[in-house]
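> model the following, please.
(2 chains)
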Amino acid sequence: QKEVEQDPGPLSVPEGAIVSLNCTYSNSAFQYFMWYRQYSRKGPELLMYTYSSGNKEDGRFTAQVDKSSKYISLFIRDSQPSDSATYLCAMIDVYKLSFGAGTTVTVRA
Amino acid sequence: EAQVTQNPRYLITVTGKKLTVTCSQNMNHEYMSWYRQDPGLGLRQIYYSMNVEVTDKGDVPEGYKVSRKEKRNFPLILESPSPNQTSLYFCASSLIAATGGGHEQYFGPGTRLTVT
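Next comes the predicted model:
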């Protein structure tokens, strides 16, 4: 069983819709929880990170962590065609990082 | 410009022919790591390094070697490549988690390797 599970999608939504992405994990030692965005033919870039359970908002993006359920989410409000990318959840246990498989999102104009 | 560079960007080779993929960062980061990305499997960590001369295995280290003789460089070595090592490889660097920086990995542009 993988340490981090993420539905690979793909997900296709109309412009302006709310995009909901999520991951589950099994390692209680994970400390930081991150979301990376990867455009085609590019390396991943950090989008958001959280350290503890709760919500964190940054513009149209909201990250949620529920450590008791070992579940993290990313919401994208008012989605734009420029949000079309692969979104990867990631978690870090001191030095070792684990990534989800990534969810490919397409926002249709 | 702060960046992670990888070379080569594309490589086609034959089974058993030793190769090295170079990685260099100019941000004075302690932590560097290598990942491979395969469809449906996402990013999997191959090796990581906490500092010069300190390395450790990630999730999929078999068939790979690394060395960290200088802080800025972290080459990935495939001594006898096989077709199952055909993949997209990324190098990344960051500050270390102990100082609150491990969450922000800076990725290189990727190296697409094909082993025939």
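> all strands of chain A, in order?
Read by DSSP state E, chain A holds these strands, from start to end of the chain: A:4-6, A:11-14, A:19-25, A:32-38, A:45-50, A:54-58, A:61-66, A:71-76, A:85-93, A:96-99, A:103-108.
> hmm, who's touching the last one?
By that I understand strand A:103-108. Contacts to strand A:103-108, defined as C-beta atoms under 8 Å, 6 or more residues apart in numbering or on different chains, come from residues A:6-15, A:17, A:19, A:21, A:76, A:79-88. Where you see a C-beta, it was placed from the backbone N, CA and C, and this is true even at glycine.
> these: which ones sit near chain B?
Taking C-beta under 8 Å from any C-beta of the partner chain, the overlap between those and the neighbourhood of chain B is A:Gln6, A:Pro8, A:Leu88.
> could I get those residues as CSV with neighbour count?
Converted to CSV, these look like this (neighbours: other C-beta atoms under 10 Å in any protein chain shown):
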residue, neighbour count
A:Gln6, 22
A:Pro8, 15
A:Leu88, 24
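> B:Cys19: how many residues sit nearby?
Quick fix: residue B:19 reads Leu, not Cys. Burial measure for B:Leu19: 17 neighbouring residues, criterion other C-beta atoms under 10 Å in any protein chain shown.
> just the buried ones from the contacts of strand A:103-108?
A:6, A:11, A:13, A:19, A:21, A:76, A:79, A:83-88 (16 or more other C-beta atoms under 10 Å in any protein chain shown).
> from those, which is closest to A:Trp35?
Proximity to A:Trp35 was ranked across those by C-beta to C-beta; first place goes to A:Tyr87, at 6.1 Å.
> and that closest one, how far is that from B:Asn7?
Here A:Tyr87 is placed at a distance of 28 Å from B:Asn7 (C-beta to C-beta, to the nearest Å).
> phi and psi next, for the nearest residue to B:Leu78 once chain neighbours are set aside.
Excluding the flanking residues, the one nearest B:Leu78 by C-beta to C-beta, 6 or more residues apart in numbering or on different chains is B:Leu19, at 5.2 Å. Here the main-chain torsion angles of B:Leu19 (degrees, to the nearest 10) amount to phi -140, psi 160.
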